[in-house]
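# Here is a sequence together with a model predicted from it:
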Amino acid sequence: MTTHCKVSFDKSQPIACIGKYSRCVNYLLRIEKDSLLSSKNLWIDYRVIPLFQFFNVRNTSETEFYFIECISTEDMNMIVESKELYNLKSYNFSSLVLNYPPYLSKRHEMSNTLEQLTSFLTVIILTSDLNFPINESQIIRVD
Amino acid sequence: MEVRFRLQSLSEMFLDIENSEKVAVGVDLVDNLIGGIIPGHLHAILGESGSGKTWFCLKAINSMLKSNSSAKIGYVDFSANIRNNYLNSMLSEKNYIDQLDFFQPKTLIESIIFTTSLLKEMHYDMLIYDTIFGSPLQILETLKFGDKSWGYKIHLFLSNLRKIAKMYNLPILLTHSLFNNSDNFLSDREFVQVEPFISLKFRLHRTDKERKIDTFFFQQFLGTEKILLYSKE
């Protein structure tokens, strides 16, 4: 059975969700949509999207997901660094989830862009360790 | 391509898979439910030694060559599992052997270099990596110097394979040895995990009485099927 929990965050900064990928996905999908995810979410991932996990959610809620599957870290860099992400607002996206690939860099090269995107999006980064340089209060540990 | 054109909804992603022309593998459960393996995607066959990983690859080869008589298949055999006698008895037509290109790397680095070269040019309709990281012994051999950069190299290797699958719309099969309890040191190593990159997973089980194959489609368990190894097509 799916449980829902409501948690509040400071959305003016990126939020790092740290833990095993499948657990992070489960966590994000079961928290209430007004706490992190929104009605229209963009999910950028270097992994193969676990379609069924999202499909079950889609059938049970009004949360809408759009995806971009990256085929390399360069590809992910290109997408995040492109100015086009700033247009997401006009497409009514209000949350961005980024599955941050391991070995990209010790200090996150995309952090400036992601911080800027928080002006109109909730930015959530899935990562497996503490490499992401953000305020510690913005870290969710999913064990 | 502009970012906005790369956006896909869940329905579009499912539709893409549904509409793609599949390659039957000769395993009823997979062929009946999904239609076979999917071009543009990576597929993993996982199991302990002797569970039937190479057998699965040969089934897929027979199946592809039956439906496409001019197809070319690249077979990267890291553990030298394929021996001529076995191959002749497993291929349903003798001339199929002419349509297989074998590459037997001696080290993982050789395999990685070969794969990188495929990014530039592709001659195959399907790629198979049998025992992709080598046998448990070969993996131990690779790791014994404690080179931490292996994690990065392997991540890049799998990313490149996925890139090749997408670029050339190829189905790629990977087999990977799972380790028994005594090999826990290896089974815990994150870098030999292929799951993040694959769409279909086949988990082979071996017992004294029978062999079974569990099938997962995007991490969703589809079902299990008994298999009979070594039967000629």
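Arrived safely, thanks for sending. Residues are numbered from 1 along each chain as shown, chains lettered A, B, ... in the order given.
# does B:Val3 really touch A:Val80, like I thought?
No: counting by C-beta atoms under 8 Å, A:Val80 is not a contact partner of B:Val3; they are 9.4 Å apart. For glycine as for every other residue, the C-beta is placed from the backbone atoms N, C-alpha and C.
# Now for residue 57: which residues touch it?
The chain I'm using is chain A. The contact partners of A:Val57, by C-beta atoms under 8 Å, 6 or more residues apart in numbering or on different chains, come to A:Leu29, A:Thr63, A:Phe65.
# should've been chain B
When contacts are counted by C-beta under 8 Å, 6+ apart, B:Cys57 is found next to B:Ile45, B:Tyr75, B:Ile128, B:Asp130, B:Leu173, B:Thr175.
# State the pair within those that is farthest apart.
Greatest spatial distance among these (C-beta to C-beta): B:Ile45 and B:Tyr75, at 13.5 Å.
# higher neighbour count, those two?
The neighbour comparison of B:Ile45 against B:Tyr75 (other C-beta atoms under 10 Å in any protein chain shown) goes to B:Ile45, with 29 against 22.
# In the helix or strand of chain A with the lowest mean pLDDT, which residues are buried?
Every helix and strand in chain A was compared by mean pLDDT, DSSP states H and E; the lowest is helix A:51-60, with a mean of 74. Using 16 or more other C-beta atoms under 10 Å in any protein chain shown as the test for burial, helix A:51-60 gives A:Leu51, A:Phe52, A:Gln53, A:Phe54, A:Phe55, A:Val57, A:Arg58.
# State the phi and psi torsions of the closest residue to B:Asp77 other than its chain neighbours.
In space, not counting the residues next to it along the chain, B:Asp77 is nearest to B:Asp130; the distance is 4.8 Å by C-beta to C-beta, 6 or more residues apart in numbering or on different chains. Geometry field for B:Asp130 lists phi and psi as phi -90, psi 120, criterion degrees, to the nearest 10.
# Report the next helix or strand after the top helix by length along chain B in sequence order.
Longest helix in chain B by number of residues (criterion: DSSP state H): helix B:150-168. Once helix B:150-168 ends, the next helix or strand along the chain (criterion: DSSP states H and E) is strand B:172-177.
# Figure out how far that next one is from the centre of its chain.
3 Å (C-alpha atoms, centre = their mean, to the nearest Å).
# before we move on, what about stretch B:79-88?
So, by C-alpha atoms, centre = their mean, the centroid of stretch B:79-88 is 17 Å from its chain's centroid.
# May I have the distance across that stretch, first residue to last?
Its start and end residues considered, stretch B:79-88 measures 18 Å (C-alpha to C-alpha, to the nearest Å).
# Can you list the buried residues in that stretch?
B:Ser79, B:Asn81, B:Ile82, B:Leu87.
# Now go through those and say which are in helices.
Among the buried residues of stretch B:79-88, the ones falling in helices (DSSP H) are B:Leu87.
# Lowest pLDDT pick from the buried residues of stretch B:79-88?
Minimum pLDDT for these is recorded at B:Asn81 (71).
# the strands in the chain, which residues?
Picked chain A for this. For chain A, the strands defined by DSSP state E occupy A:15-19, A:40-45, A:64-69, A:95-99, A:122-127, A:139-142.
# meant chain B, my bad for not saying
B:8-9, B:42-47, B:73-77, B:100-103, B:126-130, B:172-177, B:200-206, B:211-217, B:220-227.
# Please tabulate those strands in a markdown table, including the columns distance to A:Leu88.
Formatted as a markdown table, the strands of chain B follow (distance: least, C-beta to C-beta, whole Å):
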| stretch | distance to A:Leu88 |
| --- | --- |
| strand B:8-9 | 15 |
| strand B:42-47 | 29 |
| strand B:73-77 | 40 |
| strand B:100-103 | 44 |
| strand B:126-130 | 36 |
| strand B:172-177 | 32 |
| strand B:200-206 | 32 |
| strand B:211-217 | 30 |
| strand B:220-227 | 29 |
